[in-house]
Each structure stands twice: as structure tokens, then as C-alpha cells.
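J.: Fold the following and give me the result.
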Amino acid sequence: MKLTDILAELPADPRVVVTGNHATPWHVLETIEERLDTYRLWALNGQKGLPDRPGVALETSFVGPGQRRSAQLRYVPSRLSLVPTLFHTAQPPDLVVLHTTPPRKGFVSMGVEVNVLPAAVAAARARGGRVVAQINKHMPWTSGDALLPVSHIDAMVAADGPLPTAPIGVIDEDSARIGARVAERVGDGSTLQAGIGAVPDATLRGLVDRKGLRIWTEMFSDSVLSLEKAGALDISVPIRSSFLFGSPELLEWVHENPRIEMIRTEVTNDPSRIAANPGMTSVNTALQVDLFGQANASRIKARIHSGFGGQTDFIVGALHSPGGQALIALKSWHPKADVSTIVPLVDEPVTSFQMSAVVTEQGTAQVYGHDQREQASALIENAAHPSVREELWEEAAELGLA
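T.: Residues are numbered from 1 along each chain as shown. As a prediction, this is how the structure comes out:
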């Protein structure tokens, strides 16, 4: 079929699910925007450039820079592990648009972005919806759940072009200090989950002298490649992830690499699957952590900033792993807002709580396994910025924590 024929047969106000993050199928999306006056555009972590006008509802369970603050945003709270269930129940797609490699032997590869897409394809096909692939010779070929039979695709649109890449970031002094503290807690043979950013990068770079490390993560970037080069990873175990983003060197490394296994979200983010990994170490961040060990990683002044993402999935999974730990790593002082990130009580909806420890450049506050007064004391004395400790002690007394 032709793309234009598919668009013409869609029902009124169709739900269109597109590849999100940094693999958006922009070429096909332009045609959709030209042909459809009204539709619901579902994209995970939507990037800048998405249509933002009346008539286009921007649906997502994790808000990206192309959706944040938009009047058209319709945020649907959900753990990332449960988004595939949404497609089969409350939010069934009428059209799924993928960004893939050209076909080989009856298959295409979704390359750098698998995530919730296999579930979206299955849900669309189950209800007579359509699947379109924007094929791009620059997309790396990856295996696992990235592979999709050509027979599951209704139309292919050729649109070659380089993928977005990210330079290897510079790690500032505070991030380096936090990363070093986290790395100290990781032993040989541990399994790692860490995203992109200065603190995760600093953490993983601090582990180059370890041996037998494993990767089970929602996403990864160049820091995992650094571990591979250093010989720190267990080469008998695949590097398992749901999506990736990084430098051109990273994209070249993952292309046709049998060490890389891309897997769907309902597997990567299943807490029971996460817990099955030995020494599972989950490293996430937050906007605020309060004296009760509650973290807000989602909202600023009640406005949705991102979403649950995989944080709740990985914290639960890591805590149930033999020898596992779930860490919240953040700076003690928010440089843009010019406020402490350790607060008496978060006044936003809570994203997660009761992690193993909270790590800042000031130190490490052990949370799990201690009573609430001990937790509060550790957060104030070991994680909070010195300039707010006296105030936090006063607030702790008011809250019955001192």
C-alpha cells in the first residue's frame, strides 16, 4: 500500500504511535501532518519539532522537550513497563510509524529504538490498524526484539539520513564526585542500569577496573562502550537494552554487533526480570528527595516535566535482586532553581520512594534498612548541602523526625 492510501482510510481522530526518543521518523511525520487535520500523536520522550497545534493531541507517558509545556499535551501516567498494556487496552493505536533499516531476508531492524514499539505494532495489527516503516540505510542493524518481519509492515517509505548523535559529555566536578561515590558501591560481577548524563557517565567510567560486569538497562550511551573497551564487561553475557543514544562511534559499534541484544520494554522493565540479575545496581536521579526518602523526579510546580519512566520499575527490581541496590544520585543544590534538592517534604506527586541510598557530592545517605529518624539524619548530615542543614533539622523536628 501507499502511505497516502493508508492515511486516507484512517478513522476520524486516529491515534498515531511513532518511534520516539532520538529516532523520530520525521519524513513520514511530515506527510501525516500534511494529510491529517486532527489526530493523536503518541511519542515516548518526544523531541523538539513535533507538531504543536490545535488538532494534534500530544499523547505520552514520558514527556520530552517537544511536548513539555505544550497546550496540546495529554500526559498519561504509567510505569514504562505497563505502557505496552496501555496499547492493548486504553490507548489502542490506529497507525504505528517506525524508523527502521532497509529489509534483509524478510526482516527489518528497529535499530537504536525498540522500547514500546513491538507492543504498539502487535496492538495495531490485532485491531486492523496499519504499520508503516520509514527505512533508512543509516540506521544500525541490531538484533533481538529489534527484528520485525516485513510481512507485519503495510508500507515502506525510503528516507535516508544521518541519525541524531550526542557528543561525549564533559563531566563537571560535582558529577565526578557523585559518580565516584556510586562506583565505590559496585563490585565485580554486578549488573548495571544507568541512563545518559554526567552522573551516570561518571559512575560507569569509574568502573573500568572492575571485572565481569553485566548490563541490563532501559537505555545506554557511550559509557557502556568505554566499559567494553576496558574489558570490564562479561563477554559471555549480551548487553541488553531497550534503546540507545550517543556518539557516531557508538552507533558504528552497535551495528551488526552480536553482543548487543535489544529487547522490548515489557521485558527490560519487568521488575521480576530485573530482580533476576545478580547484584543489580540501578542508578537514577531526581529533582528532589525529602526526609522520608521520597523522590520527585517528574514534576516542577505541579506541571509534568517528564514522567515515571523506568525509575519505579528498576528501583523495585534492584531491591529484590540478590545483592542488588537502588540508588538516587543527584547534586545537593539545584544550579538553575538555586535551591536545595534535599527538602523536608516534597510537595509534588512522588515518583519513587525507599531506595537503597541517596548519593550527592556531599556524601552518601543510607536509606533502606534504617528507621525514619535515622534516614532523615543521614539525608541531612550526609547528602544535604551544608547551607541548609540547620533549617532541615528544624523541619525534621516539626515532622517528628528528630
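
J.: all helices of the stretch 301-402 of the chain, in order?
T.: Assigned by DSSP state H, counting those that start in this stretch, the helices in the stretch 301-402 of the chain fall at 311-320, 372-378, 389-398.

J.: Also the stretch 101-250 of the chain?
T.: 117-126, 173-184, 198-205, 222-230, 248-254.

J.: The second one vs helix 198-205, what angle?
T.: Between the direction of helix 173-184 and that of helix 198-205, the angle (axes from the mean of the first three to the mean of the last three C-alpha atoms, to 10 degrees) works out to 40 degrees.

J.: Name the residues that touch helix 173-184?
T.: 171, 198-207, 283, 327, 329-331, 359-361, 363-364 (C-beta atoms under 8 Å, 6 or more residues apart in numbering). Heads up, the C-betas are built off the backbone N, CA and C, glycines and all.

J.: now do the first one
T.: Under the criterion C-beta under 8 Å, 6+ apart, residues 17, 19, 42, 83-84, 87-88, 92-96, 98, 110, 129-131, 145, 148, 152, 264-266 lie in contact with helix 117-126.

J.: Of those, just the buried ones, ChimeraX syntax please.
T.: Remark: buried members of the contacts of helix 117-126, expressed as a ChimeraX selection using 16 or more other C-beta atoms under 10 Å:
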select :17,19,42,83,84,87,92,93,94,95,96,98,110,129,130,131,145,148,152,264,265,266
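
J.: In strands, which of the contacts of helix 117-126 fall?
T.: Members of these lying in strands (criterion: DSSP state E): 17, 42, 95-96, 98, 130-131, 148.

J.: Which two of those have the greatest separation?
T.: Trp42 and Leu148 (18.2 Å; C-beta to C-beta).

J.: Quick check: the nearest residue to Glu256 once chain neighbours are set aside vs Val199, distance?
T.: Nearest non-adjacent residue to Glu256, counting by C-beta to C-beta, 6 or more residues apart in numbering: Trp141, 5.1 Å away. Per C-beta to C-beta, to the nearest Å, Trp141 is found 31 Å from Val199.

J.: Compare those two (neighbour count), which wins?
T.: Val199 (30 against 20; other C-beta atoms under 10 Å).

J.: That one and Asn284 touch, don't they?
T.: No: applying C-beta atoms under 8 Å as the test, Val199 and Asn284 come out as separate, 9.6 Å apart.

J.: now the angle from the lowest-mean-pLDDT helix or strand in the chain to helix 222-230?
T.: Every helix and strand of the chain was ranked by mean pLDDT, DSSP states H and E. The lowest is helix 198-205, at a mean of 86. Going by the same axes, to 10 degrees, helix 198-205 is angled at 10 degrees with respect to helix 222-230.

J.: Please state the offset of helix 198-205 from the chain centre?
T.: 16 Å (C-alpha atoms, centre = their mean, to the nearest Å).

J.: cool, stretch 296-312 as well?
T.: 12 Å.

J.: what domains does the record give for this protein?
T.: Following automatic domain parsing, the chain resolves into domains at 3-158, 173-398.

J.: on that earlier part again, and the helices of the stretch 101-250 of the chain, which one is worst for confidence?
T.: Of all the helices of the stretch 101-250 of the chain, the minimum mean pLDDT falls on helix 198-205 (a mean of 86).

J.: what's that one packed up against?
T.: helix 173-184, strand 191-194, helix 222-230, strand 280-284, strand 325-329 (3 or more C-beta pairs under 8 Å, 6 or more residues apart in numbering; DSSP states H and E).
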